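Student: next one to model:
(one chain, ligands or ions: 2)
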Amino acid sequence: MISAVIVAGGKGKRMGNDINKQYIKIGGKEILARTIETFNAIEDIDEIIVVSPEEEIQYCLDNIINCYGFKKVKKVVKGGKERQNSVYNGLKSCSDNTDIVIIHDGARPFVSKEIILRSINEARENGACAVAVPMKDTVKIVDEKQFVIDTPDRSRLYAVQTPQTFKYEIIVSAHNKALNERIEATDDTKLIECIGGKVKIIEGSYLNIKITTPEDLIFAEAIIKNMK
Ligand SMILES: Nc1ccn([C@@H]2O[C@H](COP(=O)(O)OP(=O)(O)OP(=O)(O)O)[C@@H](O)[C@H]2O)c(=O)n1
Ligand SMILES: C[C@](O)(CO)[C@H](O)COP(=O)(O)O
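Tutor: Ligands and ions are numbered 1, 2, ... in the order given. I've put the predicted structure just below:
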């Protein structure tokens, strides 16, 4: 059984908007609704778990899940302090017979069906898979005083996105270890690295942006205009 965990448990602080960023409308539709509708329309996906800040669960049910009739959404569960805690809550809420789980940011509304299906196939074959794009900029590593100490070889650098897709038991054991050993990570594949597991990178799309800061809304509207 394939489950999707869509994390929308953050507060959108960098967006600095009155309403939480997942409920901002782009092209007339909420960011979170755009994200969920892609997953809801994929036949291979059996259930969707949405993670939300506790105080927004009812709002999410009324204004997104029930309003758009997203039938595959089985639960809206509360998030945690960090993204990692929210993912953990989502994983624990998946059905017992889940064998593949897709973890995706609610704030990435332009994910495509094709990328999701490719990530499922790779996870079945390799256990853990992340969608990423080659870095276009040169990256510098700096010291605490902002002086450059290294320039990594760009040909081996990827900017990692979601979906990140896993065999369920592998990602749960990685999260359990992280919890026990207080390991923190900003994405889930890092936790697989921490248990010595292998992560396959597959090439995604530069359009699969994470809507984080106000200028991302300008890019998002432009993407929608070009999709029409
Ligand atoms: N405690 C958290 C933090 C983040 N997320 C989710 O993880 C995704 C990526 O996080 P980010 O873009 O950083 O969202 P926010 O944490 O909401 O943003 P900010 O850091 O600006 O507050 C988002 O869909 C967000 O809702 C989550 O479920 N729980
Ligand atoms: C998981 C992620 O989207 C991969 O790029 C990213 O690491 C989330 O980071 P954030 O700081 O929670 O936005």
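
Student: for this structure, what lies in contact range of ligand 1?
Tutor: With Cβ under 6 Å from any ligand atom as the criterion, the chain meets ligand 1 at residues 7-14, 51, 79-83, 86, 105-107, 210, 212. All C-beta atoms are positioned from the backbone trio N, CA, C, and that covers glycine.

Student: ChimeraX command to pick out the buried ones of those residues?
Tutor: Only the buried members of the residues of the chain next to ligand 1 enter the following ChimeraX selection, criterion being 16 or more other Cβ atoms under 10 Å:
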select :7,8,9,10,12,51,79,80,83,86,105,106,107,212
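
Student: in strands, which of the residues of the chain next to ligand 1 appear?
Tutor: Using DSSP state E, the members of the residues of the chain next to ligand 1 that fall in strands are 7, 51, 105.

Student: quick check: the last one vs ligand 2, distance?
Tutor: Applying Cβ to the nearest ligand atom, to the nearest Å, the value for residue 105 to ligand 2 is 5 Å.

Student: do the same with the second one
Tutor: Distance check for residue 51 against ligand 2: by Cβ to the nearest ligand atom, it reads 12 Å.

Student: and that residue, what does it touch?
Tutor: 5-9, 76-79, 86-87, 89-90, 106 (Cβ atoms under 8 Å, 6 or more residues apart in numbering).

Student: residue 63 reaches residue 30, doesn't it?
Tutor: Yes - look at residue 63 against residue 30 with Cβ atoms under 8 Å: they come within range, at 7.4 Å.

Student: which ones are touching the residue in the chain that ligand 1 sits nearest to?
Tutor: Nearest residue of the chain to ligand 1: residue 10, at 2.1 Å (Cβ to the nearest ligand atom). If a contact means Cβ under 8 Å, 6+ apart, then residue 10 has 20, 21, 53, 79, 83, 86, 107 as its contacts.

Student: if you set the cut-off to 7 Å instead, what comes out?
Tutor: residue 83 (Cβ atoms under 7 Å, 6 or more residues apart in numbering).

Student: for it, grab phi and psi.
Tutor: Main-chain torsions, residue 10, degrees, to the nearest 10: phi -90, psi 180.

Student: what pLDDT does it get?
Tutor: Residue 10 is assigned 96 on the pLDDT scale.

Student: kindly report the same for residue 18.
Tutor: Per-residue pLDDT puts residue 18 at 89.

Student: kindly report the same for residue 163.
Tutor: You'll see residue 163 listed with a pLDDT of 98.

Student: run a quick neighbour tally on it.
Tutor: Residues within reach of residue 163, counting by other Cβ atoms under 10 Å, total 28.

Student: so it belongs to a strand, correct?
Tutor: Yes - assessed with DSSP: H, G, I helix; E, B strand; the rest coil, residue 163 lies in a strand.

Student: which residues does it contact?
Tutor: 102, 103, 104, 111, 115, 116, 119, 131.

Student: pull the most distant pair out of those residues.
Tutor: Taking Cβ to Cβ as the measure, these span a maximum distance of 13.5 Å, between 103 and 115.

Student: which one of those two is surrounded by more residues?
Tutor: Using other Cβ under 10 Å, the more surrounded residue of residue 103 and residue 115 is residue 103, with 27 against 21.

Student: count the residues that sit near residue 155.
Tutor: Neighbour number of residue 155 under other Cβ under 10 Å is 7.

Student: and it, how far is that from residue 62?
Tutor: From residue 155 across to residue 62, the span is 48 Å (Cβ to Cβ, to the nearest Å).

Student: which SSE is residue 16 in?
Tutor: Assigned by DSSP states H and E, residue 16 belongs to neither a helix nor a strand.

Student: count the residues that sit near it.
Tutor: 9.
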